[in-house]
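In: Following is a predicted model, sequence given first.
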Amino acid sequence: MALLEILEYPDPRLFTKAQPVERIDASVQRLVEDMAETMYAAPGIGLAATQVNVHRRVIVIDVSEERDALLVLINPELIVIEGERVSEEGCLSVPGIYEPVRRAARVVVRATNQHAEPFELAAEDMLAVCIQHEIDHLEGRVFVDKLSQLKRSRIRARLQKRDRVRASA
Ligand code: NI
C-alpha cells in the first residue's frame, strides 16, 4: 500500500470530471487500498479519487468513531435525495477551512464495492452529507464552490498565501 498525494484547492485538476470504472480489476482494488490508507492517515472521513489525481469514479468513506467501517463506492449514483440539512463541512483538499453547506438530509446511493458487488445504501446525517460531498468531487466540484463569492475569494487568498509561505520555506 502507499500514501497518495492529495491535491489542494484551487488546483485545477480538482475540477476534472471523473470517468466510470468499467471493470473492477487489481488496479482498482489497489487504488481503493491506497485511497483508504491515505484517508485514514490524513485523517479524514472521506476521499474521492479525483483528490488523488485519479479521474475515475471511486470513493472511500469511514464516518465511524472506531475507524473500522470502510465504505467503498465505485460508480456511485444517488437514486433518492430527500430533505434539507445545513452542516459544517471540511475537505482534505481545502485544509483548515470549515464552512456550513446546505445539502439533502437523506440519500439512497447505488454503487458497486471493491469486490464488484452492487448494492444500495440508505444514508442520513453525516454519512449522507459525506456521500454527497464525495460525489461532488467526482463531478469536479469542491464544497467551496457552494459558498458565496466573497467567502470563496477569501479562501482562495488564504490558501494561496499559505502556498507562497510554503514555497519560500
Ligand atoms: Ni472533500
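Out: Looks like it arrived, so ask away.
In: now do the same end-to-end measure for stretch 37-51.
Out: One end of stretch 37-51 sits 14 Å from the other (Cα to Cα, to the nearest Å).
In: List of residues touching that stretch?
Out: Residues outside stretch 37-51 that contact it (Cβ atoms under 8 Å, 6 or more residues apart in numbering): 1-4, 6-7, 13-14, 16, 18, 31, 35-36, 52, 55-63, 67, 92-93, 126, 130-131, 133-135, 137-138, 140. In this view, the C-beta of every residue, glycine as well, is placed from N, C-alpha and C.
In: Show me these that map onto helices.
Out: Under the assignment DSSP state H, the contacts of stretch 37-51 contribute Leu31, Met35, Ala36, Met126, Cys130, Ile131, His133, Glu134, Ile135, His137, Leu138 to helices.
In: Now for these: which two are most distant?
Out: Greatest spatial distance in these: Leu31 and Met126, 24.4 Å, computed using Cβ to Cβ.
In: Please identify which of those two sits among more neighbours.
Out: Between Leu31 and Met126, Leu31 has the larger neighbour count (other Cβ atoms under 10 Å), namely 20 against 15.
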